[in-house]
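K.L.:
Using only what follows, build the 3D model:
(3 chains)
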Amino acid sequence: MSHKKSNRKNKNLKNQWKAWLYLTPMIILLLVFTVWPIFNTIRISFLCRWDEDLGAVVGYDYAKAIQGVKYQFGFNNFINVFTTGDSFLIALGNTMLLTVLTVPISTMLALLIAVALNSIKWLKKFFQTVFFLPYVTNAIAIGMVFAAMFGMVWPTPAKPPTSVGIINTIIEAFGGHYINWVDRGSPYWANIAVLVIYIVWNALPFKILVLLGGLQNVDKQYYDAAKVDGASRWRVFWRVTVPLLSPMIACVVITGFIGGFKEYTSVVGIFGDGMGPTGANGSLNTMVGFIYNYIPHNQGKASAAALILFVIIFIVTMINMYVSKKKTHY
Amino acid sequence: MKDNRKTDGISRKERVKKILVKVVTYLFLSVFALAMIFPFYWMLISSVKTVDEYNLSTPTLWPHDFRWDTYLTAFTGDLDLGRLFLNTVLVGVVSTLLSLVVTVLSAYAFARLEFKGKNLLFGAMLATMMIPGELFTVTNYITVSSFHWIYDLKEGPTFWNASLPYLSLIVPFLVSVFYIYLLRQNFMQIPNELYLAAKVDGASDLKYLWKVMIPLASPTLITITILKMMGSWNSYMWPQLVANDDLHRLVTVGLRGASFNIAGTNLIDYPLQMAAVVLVTVPLLLVFIFFRKYIMRGVSRSGIKG
Amino acid sequence: MKNKIGAIMLAGSMLCTVAIGFTGCIGEGTINNSGSSTDDLANVTLATSGGFKMPEGGFDIEKPVTISFYHTMGKVLKEKLDYQLELFKELFPNITVVDAKYGNYDDVHTQIGQEITAGNQPNIAYCYGDHVADYNVSNSVLAINDFLPGGTYADEKITLANGDEYNLGLTVEEKNMFVENFYNEGHMFGDGKMMYMLPFAKSTEVMFYNKNFFNDNKLKVPTTWDELWETCERILEIDPDCIPFGYDSEANWFITMCEQYDSAYTYPTGTAANRFRFDNEKNRSFVGKLAENFQKGYFTTQEMNSGTYTSSLFTSLTEPKCYMCVGSTAGGQYQKPQLVNGQYAFEAGIAQIPQIDPDHPKAISQGPSVCIFKSDDPQEVLASWLLVKYLTTNIEFQADFSIDSGYMPPLKMEYMMTLDSYKNELEENANGTTGLAALSAKMCLEQKDAYFTSPAFVGSSRARTEVGALLQAVFSNTSIDSAFQTAVRNCIESIT
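P.N.:
This next block holds a predicted model:
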């Protein structure tokens, strides 16, 4: 009895030793280039000082610190994030809204496209290639295209726009009235709509890639069984495809949420560094955009904002994990 | 034959439905495919427009006047494209290979092996994904500087001074928690029975990993390869910081830094810039089309039988 | 709200008065009349020392020393630089200059900002005042006062290899070569006593106008803003489909108006609220006037024109055209009229931008300066200074650079004109079609007393962005009240 037990224990230990061996390269790299910076971020987020000249508490700044300026421990950076202005709350709201809208839409669309791609034979290679193409585009080019598609040219309010853009031309062709999507005085909902389209467009190729990969790993016999049962396509999709793909779906949803909360480049792509339409700079700023603003001279405040962002993402991911664990069929 | 005739009555309705489904499927795919392809089209036509046409308030869908000198200028101008390509390919290939090794080993450990604190470690790793990486830049820059992995302009191209900066381009990004997560999910799709069977056969873990897991997960591995290559090709912020010298500059940094100014002005010749973007994109496109075959092959092989 | 801000600002200014002992910043106790601080800072007497310690034996012409230089010069300009570096090498064989090219001024700024954290910064760099203010958070930039006329080491001599004596410092004659206002930009920081940069290449804003249209309709080129609006009205009567006037940069417009009205914009020191002074009655009133005229269709700006330079309207052959347009001289080439059937569609004229007081014109000064970074090795610092002095006061280099880049030299007209090639370029090639760069350079050199720059401090670049956004917001129908409040609040938030 005791002999047997110790044997098993030994075997486990042996396995453990092996697992850690496999993990060593990753752990070393992670410690140096990820854990240490995170530790540093946390440290810095609690460092601040009273600036006599400015008459305010300011966060840690490397440039000052290397001069030997001393910083004190405190929570002021976290307070400053919320109290010195309203831009953090604006950024938080935008980020939440964009994430909540784009993740379900892009996942659903990617799933449909992946299933459709998987079901066809003719032109399959062609479509696959086309759907992966956006990987090789340059962000500058894409941003300019979207801006040109949705943008209007309206140099003076005294006269109607000289050009309403391709999208509006299509809307007008169907009898609609043009919409001011991204230009000066454009409504918030129109801005968000364009961003959602752009972000989904951007996110699709990767999601299709992952889901299609998973789909092609799905055992054909499940489908054969479903066919024998005479189940409808819709039923097969929900009862067979989705459950079998659930690990991959969970993967794209969770990483989608994480990516969504770190949204930044799409806003820059459409609206430029101003992070908003002309005349409303910053109205579409995101949390990462907020952090970027403070990286050059107030790493304390930037770090505090990053930690707040981290906590939010962490909670959302935990909820995601909990839900996916309940729904995922490994 | 006989069977077909017997079910003819039901099958006509079925067939109409089937064709309808096919039509809808193709229509659906075509619409989205068009949306996907448009930017490429835009990029190409923009690269041969004249500056004036490019700046027109109403964008033209087909250039009135073509100008091809942009491509010639892009190659012969400020941009040392050859050097940029060489650096990018070197960094891309080396970091992809090393990254695959690290990723496969870690994903395997997380998917198949049991060890104390596995879930805790995995959770902690996922958590690191949630902090915006931009914030690490300052700390990591100080780290690689202290390793002397930064090119010293004043020392010139001595062997070590010229080689070490490649490390700062490659090493900090070898681990991607995201890739590990992706591969682990894929590994977990592979039935445990195969592993147990291999164990019974007396295969070592590494052998099992190499012979069974890797072929089965090849679509995901290819995905990771593509992502990593694209990542190296498109990375900007970090390479700009640590390797912004003539010897080590990567494509995107070179592209951004190159002056596409109209002679004698500070205004940018966007068509010229587009032409350079096209030139930079083409190798990627080729690599991608080449890899697509492998995706197919990997996919066809990975059907789990039995 | 306004009262509250006023009170805070007043309190801030008092604090600043006490702290720095500088009384020029408050006029008659009310913040609204405090005026621009530009003139005050320009007239401050420079300190005689920037804290540089001369090594024993001065500059060693035997010991090899390598210095680095960050810039943004393209291929053509780099060739000119390399040529000058060879000549410099003949003068100082022991100095080796290595250089690195970056995409644009902001790239240089970002790069150095990061490098400072690890002590990897170069010896010399292209810079704007805002950048220097950033670098100086860590005290990284050398104050060059020691080497200026009257400075500690101004008259120090170096014996060259051939036995000649070479003056280390900037001589009075050399200092006088610089356009005074450009030179003074070098100390628009803090209390104005420390000099951190020398001007390298300059640009400003001028007004391009359609000479043919003006002649045909017997219009007078406006010299004041009131005249401009009247001209706009007339032009709209003549051509109802046009947008008479374009102004590219909203930020420049706001800052220039502050300067022309002598109303407050920013101040380099003090509390956050005290630094951003642009919310005042004078500024609100000119912004209101601009918004009114924008609604009337008198003008557009780059951002209002969907991000496209208004020169595209100026050179356009189809409506909407514009007949007057304010843009950077560095982009003069872009205002070149189009060719129609082998002939230029029109001839462009260049005039000073409209003014409040044409007798005391004001035009913004832009373009790169150079600064030197501190170093543990004083030989490096001295070598860097020698190169900076050599390049900035070199008429031949400045002429080459100007002709190839479209920028204008920071040196006075009379010195530049001593060089025949430059004189020819300006006198023979200046015209309203193919020679706009030369034409604008000529005009710019003539209005040398008009140039101003606003003081640089941490937050000054944000102020610039915010006032540009403020004008855009007002043009997009945001209320003046809320636009000003948002801009000030964003500025203050950005530095606390």
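
K.L.:
quick one: A:Y62 from A:I27, how far?
P.N.:
Taking C-beta to C-beta, to the nearest Å as the measure, A:Y62 falls 27 Å from A:I27. All C-beta spots, glycine's among them, are computed from the backbone N, C-alpha and C.

K.L.:
higher neighbour count, the two?
P.N.:
Of the pair A:Y62 and A:I27, A:Y62 is the one with more neighbours under other C-beta atoms under 10 Å in any protein chain shown, namely 24 against 16.

K.L.:
Tell me the predicted confidence for the more buried one.
P.N.:
If you check A:Y62, the pLDDT there is 86.

K.L.:
wait, isn't A:S87 in contact with A:L284?
P.N.:
No. The pair A:S87 and A:L284 does not pass the contact test of C-beta atoms under 8 Å, sitting 11.4 Å apart.

K.L.:
Which one of these two is surrounded by more residues?
P.N.:
A:L284 (28 against 20).

K.L.:
mind showing which ranges of the stretch 1-150 of chain B have poor pLDDT?
P.N.:
Residues of the stretch 1-150 of chain B that meet the criterion pLDDT under 70 lie in B:1-10, B:55-59, B:77-79.

K.L.:
Which one of the residues in it is closest to chain C?
P.N.:
Proximity of the stretch 1-150 of chain B to chain C (C-beta to the nearest C-beta) peaks at B:S145, 3.8 Å away.

K.L.:
What of the stretch 101-250 of chain A?
P.N.:
Here the stretch 101-250 of chain A gets closest to chain C at one residue, A:A158, 2.6 Å apart by C-beta to the nearest C-beta.

K.L.:
Setting aside sequence neighbours, what's the nearest residue to that residue?
P.N.:
Leaving aside its chain neighbours, A:A158 sits nearest to C:G297 (2.6 Å; criterion: C-beta to C-beta, 6 or more residues apart in numbering or on different chains).

K.L.:
who touches the one you found in this structure?
P.N.:
C:G297 is in contact with A:T156, A:P157, A:A158, A:K159, C:L236, C:I243, counting by C-beta atoms under 8 Å, 6 or more residues apart in numbering or on different chains.

K.L.:
Compare these and tell me which has the most neighbours.
P.N.:
Neighbour counts for the contacts of C:G297, by other C-beta under 10 Å, peak at C:I243, which reaches 28 neighbours.

K.L.:
Just say helix, strand or coil for C:I350.
P.N.:
strand (DSSP: H, G, I helix; E, B strand; the rest coil).

K.L.:
looking at it, it is touching C:A437, isn't it?
P.N.:
No. Using C-beta under 8 Å, C:I350 makes no contact with C:A437, being 10.3 Å away.

K.L.:
distance of the residue nearest to A:A158 from C:P320?
P.N.:
C:G297 sits 9 Å away from C:P320, going by C-beta to C-beta.

K.L.:
joint contacts of those two?
P.N.:
Common contact partners of C:G297 and C:P320 (C-beta under 8 Å, 6+ apart): A:T156, A:K159, C:I243.

K.L.:
Assumed the second one was part of a helix.
P.N.:
No. According to three-state DSSP, the state of A:K159 is coil, so it is not within a helix.

K.L.:
Would you mind measuring from it to A:I179?
P.N.:
Separation of A:K159 from A:I179 (C-beta to C-beta) stands at 18 Å.

K.L.:
what about the chain, any weak spots by pLDDT?
P.N.:
Just going to use chain A. Where chain A drops to pLDDT under 70, the residues are A:1-15, A:135-141, A:143-144, A:327-330.

K.L.:
please go with chain C instead
P.N.:
In chain C (pLDDT under 70), the answer is C:1-39.

K.L.:
what sits against the most centrally placed residue in chain A?
P.N.:
With distances taken as C-alpha atoms, centre = their mean, A:G259 lies nearest the centre of chain A, 1.9 Å away. Under the criterion of C-beta under 8 Å, 6+ apart, the neighbours of A:G259 are A:A203.

K.L.:
In which helix or strand does it reside?
P.N.:
For A:G259, the host element (DSSP states H and E) is helix A:242-261.

K.L.:
So which bits of stretch C:174-194 are buried?
P.N.:
For stretch C:174-194, burial by neighbour count (16 or more other C-beta atoms under 10 Å in any protein chain shown) applies to C:174-175, C:177-179, C:181-190, C:192-194.

K.L.:
Next: stretch B:60-70.
P.N.:
Residues of stretch B:60-70 classed as buried: B:P63, B:R67, B:T70 (neighbour count, 16+ other C-beta under 10 Å).

K.L.:
From what I see, the first one and B:I45 are in contact.
P.N.:
What it means is B:P63. Yes. The pair B:P63 / B:I45 is scored as a contact, 5.6 Å apart, by C-beta under 8 Å.

K.L.:
Give the intersection of the neighbour lists for the two.
P.N.:
By C-beta under 8 Å, 6+ apart, no residue touches both B:P63 and B:I45.

K.L.:
Write out the residues of the stretch 201-330 of chain A neighbouring chain C.
P.N.:
By the rule C-beta under 8 Å from any C-beta of the partner chain, the part of the stretch 201-330 of chain A lying against chain C is A:G272, A:G274, A:P277, A:T278, A:G279, A:A280, A:N281, A:G282, A:N293, A:P296, A:H297, A:N298.

K.L.:
same thing but 10 Å
P.N.:
Contact residues (C-beta under 10 Å from any C-beta of the partner chain) of the stretch 201-330 of chain A with chain C: A:272-274, A:276-283, A:293-299, A:301.
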